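Novice: Sequence first, then the predicted structure, then my questions.
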Amino acid sequence: MAAQFVPYTPDVEDDDPHFDQNVQTVIAKTEAYITESVKAGGTGRALRDAHAKGYGLVRGEVEILDGLPPEYAQGIYATPGTHDALIRFSNGSPHAGADARLGAATGLALKIFDIPGPTLLEDEPDTGTFDYANINGPIFFCNTVEHYLFIQELFLNAPAYFSQGRPGAHRFFTDFVTGKGTLDQDDWAWDEFLAFLRLSKTPPANLLLSSYWTMGAVRHGDYIAKVRITPDPSFAAAVVRRDIDPTSAQEVFRPALEAELQERPYAFDIQVQLCTDLERMPVEDTTVEWPEQLSPSVTVAKLRLPRQDISGPENLEKMDSLSFTPWRVTAEHAPLGNIMRSRKEVYRQSSMERHKLNQQPRTEPRSVAEVLGPAQ
């Protein structure tokens, strides 16, 4: 059985000679946006440059399942057991404000506690925490740091484009495909643009009814994978507030999440999809969806959310003080690919800048109770 899965080797990733230089440019632009967001963002606080608006911080528990096939029982999933967890639900936009203005891209960031072994963050190797930062789409619209340089700028300035109606939208689309005029015609970002269009058509959904994927590939011990956090069907069937209309009120996602969690517990499946074909399941091209018929997603853990009350501004305050990064993982789960590699230092530097501007201590919690208090 193991022979059908592509083994992990370092050469599955491409080397980009301009990587470090481009990452430093992204960091500079990100820090400038975060600094300007204190006045321009409308909240009086420094905002994240993506997933700026959070919808709630939720207490949870991850049960790593026993009896997994050896190809899936890799890294942290090789040891069955239960771990406390925190979940941050958010909107994917770099802007805050009414839900109707932010789009339907949403995220689930997961922090698992009491995970042994050093993380891949050199400045905090011994936190004992393990993060996922997942989005509600199986693909992403950016493959390289070179592309990210102009795509980031477009998204940060999107309100200015789209406030001008159709002409502004046309300029946004043209600038996206051409890299704001920097790309040769043969290199226009058509794959990225088509992925963006696909994701932009994602219908709004209750946060508990969405699936959330790692933005790109990750190492899974001896193999290569993508990780999906998807609703447990039996719990999803019990959700009452299924239809989400962002135009019906200024806030729609958070009230629905609050109400559901006050009334009933919930559960997601944490699933691993192992790579079987690097051509059809590429590491460096995040615009390609990995076909389930080549390799189905297999449940390796349960993410359980007990009934709880997340209402009140203190929940949002505690959520805002936390940091999530796909690089706060052990080496067996390292993010893979050019764009995933860029997130390591970009996330670290942007988190440091945001916490400094908001005068928040930037310390990784050691337990859920340290953040939310003891379970009720």
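Specialist: Noted; the coordinates are in hand.
Novice: Could you pull out the buried residues of the lengthiest helix in the chain?
Specialist: Longest helix in the chain, counting residues (DSSP state H): helix 19-40. Buried positions in helix 19-40, judged by neighbour count with 16 or more other Cβ atoms under 10 Å: 19, 22-23, 26-27, 29-31, 33-34, 37. Heads up, the C-betas are built off the backbone N, CA and C, glycines and all.
Novice: other SSEs contacting that helix?
Specialist: Contact analysis of helix 19-40 by 3 or more Cβ pairs under 8 Å, 6 or more residues apart in numbering; DSSP states H and E lists helix 145-156, helix 338-357 as its packing neighbours.
Novice: any idea how far it is from the chain center?
Specialist: 19 Å (Cα atoms, centre = their mean, to the nearest Å).
Novice: what's the closest of the helices and strands packed on helix 19-40 to Ile64?
Specialist: Across the helices and strands packed on helix 19-40, Ile64 has its closest neighbour in helix 338-357 (23.1 Å, Cβ to Cβ).
Novice: Packing partners of that closest one?
Specialist: On a contact count with 3+ Cβ pairs under 8 Å, 6+ apart, helix 338-357 meets helix 19-40, helix 145-156.
Novice: among those helices, which is nearest Phe172?
Specialist: Phe172 lies closest, by Cβ to Cβ, to one member of the helices and strands packed on helix 338-357: helix 145-156, at 6.3 Å.
Novice: contacting residues around the closest one?
Specialist: Contact with helix 145-156 is made by 16, 18-19, 22-23, 25-26, 29-30, 33, 49-50, 93-94, 141-142, 161, 172, 175-176, 179-180, 182, 189, 192, 338-339, 342, as judged by Cβ atoms under 8 Å, 6 or more residues apart in numbering.
Novice: 6 Å instead?
Specialist: With Cβ atoms under 6 Å, 6 or more residues apart in numbering as the test, helix 145-156 has contacts from 22-23, 25-26, 33, 94, 142, 175-176, 179-180, 189, 192, 342.
Novice: Tell me which helix or strand in the protein has the weakest average pLDDT.
Specialist: The weakest-scoring helix or strand in the chain, judged by mean pLDDT, DSSP states H and E, is helix 145-156 (a mean of 88).
Novice: send the alpha carbons of that one over as CSV?
Specialist: Taking C-alpha atoms only, helix 145-156 is exported to CSV below (Å, rounded to 0.1, in the frame of the first residue of the first chain):
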residue,chain,number,x,y,z
VAL,A,145,6.5,35.1,-4.0
GLU,A,146,7.0,37.1,-7.2
HIS,A,147,3.3,36.8,-7.9
TYR,A,148,2.5,37.5,-4.3
LEU,A,149,4.3,40.9,-4.6
PHE,A,150,1.6,42.3,-6.9
ILE,A,151,-1.4,40.2,-5.7
GLN,A,152,-0.9,41.3,-2.1
GLU,A,153,-0.9,45.0,-3.3
LEU,A,154,-4.1,44.4,-5.3
PHE,A,155,-5.9,42.9,-2.4
LEU,A,156,-4.8,45.6,0.1
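Novice: Can you point out the buried residues in that helix?
Specialist: 145-152, 154-156.
Novice: one step back: mind putting the helices and strands packed on helix 338-357 into a markdown table with distance to Thr363?
Specialist: A markdown table is the format used below for the helices and strands packed on helix 338-357 (distance: least, Cβ to Cβ, whole Å):
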| stretch | distance to Thr363 |
| --- | --- |
| helix 19-40 | 19 |
| helix 145-156 | 28 |
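Novice: The nearest residue to Ser234 once chain neighbours are set aside bridge partners, please.
Specialist: Distances taken as Cβ to Cβ, 6 or more residues apart in numbering put Ala267 closest to Ser234, at 7.9 Å, once the chain neighbours are dropped. Counting by DSSP bridges, Ala267 is bridged to Arg304.
Novice: Would you mind stating the distance between the closest residue to Met319 other than its chain neighbours and Lys39?
Specialist: Taking Cβ to Cβ, 6+ apart, and ignoring the residues beside it in sequence, Met319 has Leu57 as its nearest neighbour in space, at 3.6 Å. Counting by Cβ to Cβ, to the nearest Å, the separation of Leu57 from Lys39 is 26 Å.
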